[in-house]
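Participant: heads up, no residue letters with this:
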C-alpha cells in the first residue's frame with residue numbers, strides 16, 4: 001500500500017520560489033495549504049495568485065506573524081511547513097518572522113519536517129564571508145540554531161545559483177538579460193559554479209519532505225550537468241547565437257575595489273558574487289555526513305540543463 005503523502009503548509013507562497021513550491025506540492029499530490037496573511041492588504045497581484053492556487057486545489061489558511069495563535073492554528077493543520085520567503089525577509093527586524101514561525105512550530109508540536117527560508121549558499125560554510133554580505137549567512141544561522149535548539153525535525157535546502165538571476169545574464173551584474181557584445185569574466189572564468197532552474201529547485205524541495213534520507217540534513221542541489229564555469233556558460237550562449245563576445249576579465253582585487261561607495265544591498269550582492277565566482281564557495285567542499293545531493297537522490301527529476309534554459313532568451 002502506498003504511503004500517504006504529508007500535508008504541507010507553505011509560508012510565503014506568493015513569492016518567487018514560494019509559488020513554484022506550491023505548484024510542485026500540488027503536482028506531487030500533497031494536500032497543500034498556503035498561508036493567507038492579512039498584511040496582503042491591497043496587493044491585488046498576490047491575491048490573484050492565492051485565488052489561483054485555491055482553484056487548483058490548495059487550501060488558503062489565514063494567519064499572521066503578529067498573531068501567534070493564528071500561526072499555531074495554521075501549523076496544526078499540517079505535517080510539514082515550508083517557508084520559502086525571499087532573502088530580503090532575512091534582514092534586520094524581519095528575521096523575527098522566521099523566529100516567530102519556529103516558536104509556533106515548537107508550540108504546535110506536530111510538525112515532522114520544517115524547511116526554512118534558505119535556498120541559496122549553505123550558510124554553515126560561510127563563517128569567513130566578507131562584510132557586510134555575511135549578514136545574510138549569520139542571520140540564517142540564527143534561524144538554524146533556533147530550529148535545532150527547539151528540536152524541530154528539519155531539512156535545509158542549498159539551491160546555489162538561481163538560473164534566471166545568474167545564468168540567463170551570463171552572470172553579469174545589473175541585468176537579467178544576456179549581454180550582446182561584451183561580457184565581464186570574473187578572474188580567469190574557470191571557477192566551478194552551480195546553476196539551477198527555479199522550477200527544479202521547487203521539485204527537488206518537495207521531493208525531500210517525506211524522505212527519511214533527508215531528515216535533519218542539508219540537501220545540496222548540484223545537478224552534474226549544471227556545474228559549469230563562467231567560461232563554459234558563456235561558450236554555450238555563443239554557440240546558440242553564433243557569435244563570439246568580447247571578454248573583459250576583472251581581477252579579484254579590482255572586483256573588491258568596486259565595493260567602495262556602493263549602497264548596503266549592492267555591497268551584499270557584490271560580496272556574494274566574489275565568494276561564488278572567485279572563491280568557488282558552491283563547489284570547493286565535499287558533501288559530508290550531514291548532507292545529501294538532490295539529483296543523486298532523485299534521478300527521476302529531469303532537471304533543466306543550462307543549454308536548454310538559455311534557449312529561452314534567443
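Facilitator: Yes, it's here. Keep in mind that this is a model prediction, so the values were computed, not measured. Residues are numbered from 1 along each chain as shown.

Participant: go through the lengthiest helix in the chain and flag the buried ones.
Facilitator: For the chain, the helix with the greatest residue count under DSSP state H is helix 134-149. For helix 134-149, burial by neighbour count (16 or more other C-beta atoms under 10 Å) applies to 134-137, 139-140, 143-144, 146-147. Every C-beta, even on glycine, is put in place using the N, C-alpha and C of the backbone.

Participant: equivalent analysis for stretch 298-314, please.
Facilitator: Those would be 298, 303-304, 306, 309-310, 313, for stretch 298-314 by 16+ other C-beta under 10 Å.

Participant: got it, and stretch 151-162?
Facilitator: 152, 154-162.

Participant: which stretches of this protein have low pLDDT?
Facilitator: Within the chain, the segments meeting pLDDT under 70 span 1-2, 86-94.

Participant: change it to 90
Facilitator: 1-4, 38-43, 85-96, 132-136, 258-269 (pLDDT under 90).

Participant: where do the strands sit along it?
Facilitator: 7-10, 31-36, 59-62, 80-82, 113-115, 155-158, 161-162, 182-186, 192-196, 217-220, 227-229, 246-250, 291-293 (DSSP state E).

Participant: how about the helices in the chain?
Facilitator: 18-27, 44-55, 68-75, 95-108, 134-149, 163-166, 198-208, 230-241, 252-257, 264-277, 294-297, 306-311.

Participant: how many residues are close by the closest residue to residue 272 other than its chain neighbours?
Facilitator: Excluding its sequence neighbours, the residue lying closest to residue 272 (C-beta to C-beta, 6 or more residues apart in numbering) is residue 133, at 5.4 Å. Close neighbours of residue 133, defined as other C-beta atoms under 10 Å, add up to 22.

Participant: quick one: contacts for residue 133?
Facilitator: 267-272, 275 (C-beta atoms under 8 Å, 6 or more residues apart in numbering).

Participant: again, 6 Å this time
Facilitator: 268, 271-272 (C-beta atoms under 6 Å, 6 or more residues apart in numbering).

Participant: most centrally placed residue in the protein?
Facilitator: Nearest to the mean C-alpha position of the chain, by C-alpha atoms, centre = their mean, lies residue 119 at 2.4 Å.

Participant: that one against residue 157, yeah?
Facilitator: Yes - applying C-beta atoms under 6 Å, one finds residue 119 in contact with residue 157, separated by 5.4 Å.

Participant: for residue 230, see how far away the residue nearest to residue 272 is.
Facilitator: Using C-beta to C-beta, to the nearest Å, residue 133 is found at 19 Å from residue 230.

Participant: swap in residue 138?
Facilitator: 27 Å.

Participant: could you do residue 291 as well?
Facilitator: 25 Å.

Participant: now the contacts of residue 133 in TSV, with neighbour count?
Facilitator: Compiled in TSV, the contacts of residue 133 are given as follows (neighbours: other C-beta atoms under 10 Å):
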residue	neighbour count
268	22
271	21
272	22
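
Participant: tabulate the residues you listed (TSV), appending distance to residue 33.
Facilitator: Shown next, in TSV, are those (distance: C-beta to C-beta, whole Å):
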residue	distance to residue 33
268	32
271	36
272	32
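
Participant: what is the nearest of the residues you listed to residue 192?
Facilitator: Checking the contacts of residue 133 against residue 192 with C-beta to C-beta, the nearest one is residue 272 at 16.2 Å.

Participant: quick revisit: with distance to residue 123 added, can I get the helices of the chain in TSV?
Facilitator: Shown next, in TSV, are the helices of the chain (distance: least, C-beta to C-beta, whole Å):
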stretch	distance to residue 123
helix 18-27	20
helix 44-55	28
helix 68-75	24
helix 95-108	13
helix 134-149	4
helix 163-166	18
helix 198-208	17
helix 230-241	23
helix 252-257	21
helix 264-277	12
helix 294-297	18
helix 306-311	25
